[in-house]
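Student: Got a sequence here, can you model it:
(one chain, ligands or ions: 2)
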Amino acid sequence: MIETLLRYNTNAPRYTSYPPANLFKPAVSANETERIWKDSNSLNPQNLSFYFHVPFCVKRCLFCGCTSETLHDENFRNQYFAAVHKEMDQKLAWISNDRKVTQVHFGGGTPTSVPLVELEKLLQKLRDRFEFADHAELAIEINPATLTEEMLRTLASFGFNRASYGIQDFNPETLKIIGRDPSLMPVKDLLELSRELGFHGLNLDLVYGLPGQTAKSFFASIERAIEASPDRVALFSYAHVPWMRPEQKKLEEYHLPDAHTKMEFFLKAREMFKTAGYVEVGMDHFVKPTDSLAIATQNGALHRNFQGYCTRETTGQVYAFGSSGISQFDNAYLQNVHAVSEYIKRIEANEMTEIRCHELSANERILRNTIERLMCNNRLCVTAEERAVLADGWDRLTALESEGLLTKVSDNEVIATELGRLVIRYLAAKLDPLVQNKKTEGVFSKTI
Ligand SMILES: C[S@@+](CC[C@H](N)C(=O)[O-])C[C@H]1O[C@@H](n2cnc3c(N)ncnc32)[C@H](O)[C@@H]1O
Ligand code: SF4
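Tutor: Ligands and ions are numbered 1, 2, ... in the order given. So this is what the prediction gives:
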């Protein structure tokens, strides 16, 4: 089975957006940007999601592909948050406040690496202007290496109710190689305390394929994760992209598991999670059957964006603030400049922060929607209109039946086989004209 899967180990987008972020078009004028934000008010979904990027970490981990910088001095940090407030002052006025907030997500970087009151001030600004839905999801990404009990209590008192903890691996040697410290609190206790404080949908991030990982150490880590009893686990394939993240070059001095070993790791870990009662969600998540993501999967209501898998119920159009943040509207994506100092400089000079803007054509919306449905549900049933837009893409996809990657249920419906769902990015790429026109070559990580 592994040999067969490796045949599909090609470079392909992860499809957290369509088109992929590095193929968004350049920014448009300030007036056009304002128009796009305002247009989103009349589009669906009507509920509001907000994303705040906190681009700081106490220290950078060598494996990391995220956009962050080591924590600068207090003055620089204050300048950053002043800039985010100024960006909000300008742009929140463009969003109708008859719409309700169902989700706020703080990502990074490490949002808990800054004084937590900064996060509360941003939340307060939203609360001053918008009504929050009952049970709105307030989510935060946390590196548990620097999280104390007191900090967690403070976050709960601000209304946070969902946390994602970056564990990566439990093995101290692997952590040392990638430049990370272990969780301050034992992870099991951390999850128990989180629940006591009202958090739910608790997630652990784990990564397979890291340098120094052996079968023994990795499966021991999976056992530790299962013992801790998270609601969700995101099991990411280590993306080695030294051309984008030069620090990762250092990891080549250690033994990096090859694609075959990585697949073995994934398949065995998948088995372990399933045996422990977890349900497979999307291409790399395992969740308890009672978790909202499992229920959404069952109902075909799973959704995916830059913040990960989510449910259609909670996730609205996403309004992003801060450096590198990507707003995700029904008809457009807009991305802010990555470098923190450049973001601050532009805000202070009253210049636009966007470096990219991509308004989706009607055909691109259909492509985005069909690729997302295939990636979330491992099946795809298309309308006549969608099939006409997919054109050759639909033929390329359905031709994979002869390779055992999918089954054709009818002329307009396919279901990925067990084999196909393990390489779902490969299937999705068949629908993508950008891949066929070689616009994505040399840009993306391997699918395994
Ligand atoms: C923005 S980070 C936030 C986590 C938090 N700062 C921490 O360190 O715990 C989100 C997650 O992306 C994943 N990640 C980062 N770099 C990766 C890479 N090169 N390959 C695969 N996953 C990666 C990690 O699992 C990480 O927890
Ligand atoms: S893994 Fe987390 S703490 Fe480490 S560099 Fe990436 S964002 Fe920062």
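Student: Give me the packing partners of whichever helix or strand residue 368 is part of, helices and strands only.
Tutor: Residue 368 belongs to helix 362-377 when assigned by DSSP states H and E. Using 3 or more C-beta pairs under 8 Å, 6 or more residues apart in numbering; DSSP states H and E, the elements in contact with helix 362-377 are strand 302-305, strand 379-381, helix 384-390, helix 424-431. C-beta here means a position set from N, CA and C on the backbone, and glycine is covered the same way.
Student: Identify the residue of the stretch 151-300 of the chain closest to ligand 1, quick one.
Tutor: Across the stretch 151-300 of the chain, the shortest distance to ligand 1 (C-beta to the nearest ligand atom) belongs to residue 166, at 1.9 Å.
Student: Quick check, pLDDT for that residue.
Tutor: pLDDT for residue 166: 98.
Student: after the helix or strand hosting it, next one along is what?
Tutor: Remark: residue 166 resides in strand 162-168, with elements defined by DSSP H and E. Moving toward the C-terminus from strand 162-168, the next helix or strand (DSSP H and E) is helix 172-177.
Student: Tell me what angle whichever helix or strand comes after that next one forms with strand 162-168.
Tutor: The element immediately downstream of helix 172-177 (helix or strand, assigned by DSSP H and E) is helix 187-196. With axes from the mean of the first three to the mean of the last three C-alpha atoms, to 10 degrees defining the directions, helix 187-196 sits at 170 degrees from strand 162-168.
Student: so where's the stretch 101-250 of the chain uncertain?
Tutor: Nowhere does the stretch 101-250 of the chain drop to pLDDT under 70.
Student: same thing but 90
Tutor: Applying pLDDT under 90 to the stretch 101-250 of the chain flags the ranges 241, 243-244.
Student: Around ligand 1, pick out the residues from it.
Tutor: Listed as neighbours of ligand 1 in the stretch 101-250 of the chain under the rule C-beta under 6 Å from any ligand atom: 107-108, 110, 141, 143, 166, 168, 205, 207, 236, 238-239.
Student: What residues sit buried inside stretch 245-263?
Tutor: In terms of neighbour count (16 or more other C-beta atoms under 10 Å), stretch 245-263 has its buried residues at 245, 248, 251, 256-257, 259, 261-263.
Student: Tell me how many other residues crowd residue 109.
Tutor: Each residue near residue 109 was counted by other C-beta atoms under 10 Å, and the total is 26.
Student: close enough to count as contact, it and residue 54?
Tutor: Yes - the criterion here is C-beta atoms under 8 Å, and residue 109 meets it with residue 54 at 4.7 Å.
Student: which residues sit in contact with residue 218?
Tutor: Shown in contact with residue 218 (C-beta atoms under 8 Å, 6 or more residues apart in numbering): 169, 171, 208, 265, 269.
Student: ok, now with 6 Å
Tutor: If a contact means C-beta atoms under 6 Å, 6 or more residues apart in numbering, then residue 218 has residue 265 as its contacts.
Student: give me phi/psi at it?
Tutor: phi -70, psi -50 (degrees, to the nearest 10).
Student: Phi, psi for the closest residue to ligand 2 within the stretch 201-350 of the chain please.
Tutor: Per C-beta to the nearest ligand atom, residue 205 is where the stretch 201-350 of the chain lies closest to ligand 2, at 8.5 Å. According to degrees, to the nearest 10, the main-chain angles of residue 205 amount to phi -90, psi 130.
Student: what pairs with it across the strands?
Tutor: Beta bridges link residue 205 to residue 166, residue 234, judged by DSSP bridges.
Student: Which positions in the protein make contact with ligand 2?
Tutor: Selection of the chain residues close to ligand 2 by C-beta under 6 Å from any ligand atom yields 57, 60-61, 64, 66, 68, 108-110, 143, 166.
Student: and the protein, what are its domains?
Tutor: 21-359, 362-436 (automatic domain parsing).
Student: ok, the residue of the stretch 151-300 of the chain closest to ligand 1 touching residue 205?
Tutor: Yes - if you go by C-beta atoms under 6 Å, residue 166 and residue 205 touch, sitting 4.7 Å apart.
Student: picking that back up, just the buried positions in the helix holding residue 368, please.
Tutor: With burial defined by 16+ other C-beta under 10 Å, the residues of helix 362-377 counted as buried are 364, 366-368, 370-377.
Student: Using CSV, write out every CA atom in that helix.
Tutor: Presented in CSV, the C-alpha positions along helix 362-377 are these (Å, rounded to 0.1, in the frame of the first residue of the first chain):
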residue,chain,number,x,y,z
ALA,A,362,-17.5,33.1,-10.9
ASN,A,363,-15.5,30.1,-12.2
GLU,A,364,-12.9,30.4,-9.5
ARG,A,365,-15.7,30.4,-6.9
ILE,A,366,-17.0,27.2,-8.3
LEU,A,367,-13.4,25.7,-8.3
ARG,A,368,-12.9,26.8,-4.7
ASN,A,369,-16.2,25.3,-3.7
THR,A,370,-15.8,22.0,-5.4
ILE,A,371,-12.2,21.5,-4.2
GLU,A,372,-13.2,22.3,-0.7
ARG,A,373,-16.2,19.9,-0.8
LEU,A,374,-13.9,17.1,-2.1
MET,A,375,-11.2,17.8,0.5
CYS,A,376,-13.7,18.0,3.4
ASN,A,377,-16.1,15.1,2.5
